[in-house]
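J.: Generate a structure from the sequence data that follows.
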Amino acid sequence: MPHESRIDVTFGDCDPAGIAFYPNIFRWLAKSFHDWLRTMGGHASICGKLESIGLGVIEAQSQFQHPLTDGDVLIVSIAIREWGNKTLGLTYEGRVDERLMFLAQETRGLFKRTGDAMVAAEIAPLRELMNAFGQD
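T.: Predicted structure coming up:
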């Protein structure tokens, strides 16, 4: 079952034309991702359990279907698209009521520090942790 987050679009989220400034969409994706992680203890807790420094974005894209405006109540749903060896693929849908406002995808990695470098680690331990919370 996808995780859902609610975002109230406000005047401050909008550009002079009254349309939500597009970088806010990516900010709302991050908010939704971290809201989802909170259901499993939160980003810091998960990273501590996996001895990692973060679940970082490797790639992100979005297709905007309709403009968001002040007063909209946006529901962002997030679901797992695929598991790779070192990546987690996520899909997002943003809706106001039943109207699709945007679609987005992210690829995230589990990053660990090795000496002076930061590397993408095997993602299987994250999958096991998520399974324990019923999230896979």
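J.: Mind pulling the model confidence for residue 133?
T.: Residue 133 carries a pLDDT value of 86.
J.: which residues touch it?
T.: Neighbour list for residue 133: 39-40 [criterion: Cβ atoms under 8 Å, 6 or more residues apart in numbering]. Glycine gets a C-beta too; all of them are placed from N, C-alpha and C.
J.: what about it, distance to residue 63?
T.: Per Cβ to Cβ, to the nearest Å, residue 133 is found 30 Å from residue 63.
J.: same deal with residue 107?
T.: As judged by Cβ to Cβ, residue 107 and residue 63 stand 16 Å apart.
J.: Between those two, which is the more surrounded one?
T.: Ranked by neighbour count (other Cβ atoms under 10 Å), residue 107 and residue 63 place residue 107 first, with 18 against 9.
J.: Confirm the more buried one sits in a strand?
T.: Yes. Remark: residue 107 belongs to a strand, assigned using DSSP: H, G, I helix; E, B strand; the rest coil.
J.: Any idea how many residues pack against the residue lying closest to residue 19 once chain neighbours are set aside?
T.: In space, and not counting its chain neighbours, residue 19 is closest to residue 67: 4.2 Å by Cβ to Cβ, 6 or more residues apart in numbering. Number of residues near residue 67 (other Cβ under 10 Å) recorded here: 15.
J.: Provide the secondary structure category for residue 67.
T.: Per three-state DSSP, residue 67 ends up coil.
J.: Which pLDDT value goes with it?
T.: Note for residue 67: predicted pLDDT of 95.
J.: What is the longest helix seen in the chain packed up against?
T.: Counting residues, the longest helix found in the chain (DSSP state H) is helix 23-38. Applying 3 or more Cβ pairs under 8 Å, 6 or more residues apart in numbering; DSSP states H and E, one finds that helix 23-38 contacts strand 3-8, helix 43-50, strand 54-64, strand 73-83, strand 87-96, strand 99-114.
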